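# give me a model of this one.
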Amino acid sequence: MKNIIIKECPYCGSSDLTKGYQLGDGMVYRDKAGAFGTVVEHTICKECASIVYSKVQKPEILK
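Presented below is the predicted three-dimensional model:
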């Protein structure tokens, strides 16, 4: 998997970014039964509060 590096917010230009995690009901599941899920990780701009980039932590679970 390619490592994507984001150095600044495309909306406001700030380089003050942080990580945030979406858990529980915000997880991504492989099927409707919800037996296997993975956490969604967001890169968030601290200046304008935009979600700049999102990815699942364990994409292999969705295969």
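# how far out from the middle of the chain is the helix or strand of the chain with the lowest mean pLDDT?
Ranked by mean pLDDT, DSSP states H and E, the helix or strand of the chain with the weakest confidence is strand 28-29, at a mean of 78. Between the centre of strand 28-29 and the centre of its chain there are 13 Å (CA atoms, centre = their mean, to the nearest Å).
# by contact count, what packs against that strand?
Packing partners of strand 28-29 (3 or more CB pairs under 8 Å, 6 or more residues apart in numbering; DSSP states H and E): strand 37-38. For every residue, glycine as well, the C-beta is placed using N, CA and C.
# note down every partner strand of the strand it packs on and its orientation.
Strand 37-38 sits in its sheet next to strand 28-29 (antiparallel), going by DSSP bridges.
# and for the least confident helix or strand of the chain, what's in contact with it?
With contact meaning CB atoms under 8 Å, 6 or more residues apart in numbering, strand 28-29 is reached by 35-38, 40, 56, 62.
# pLDDT check: weakest of those?
Lowest-confidence member of the contacts of strand 28-29: Ala35, scoring 70 (pLDDT).
# quick one: residues contacting that residue.
Counting by CB under 8 Å, 6+ apart, Ala35 touches Tyr29.
# secondary structure element holding it?
Under the criterion DSSP states H and E, no helix or strand holds Ala35.
# roughly how far apart are it and Gly20?
25 Å (CB to CB, to the nearest Å).
# got it, and Ile4?
Distance of Ile4 to Gly20, given as CB to CB: 16 Å.
# cool, Ser14 as well?
Ser14 is 15 Å from Gly20, by CB to CB.
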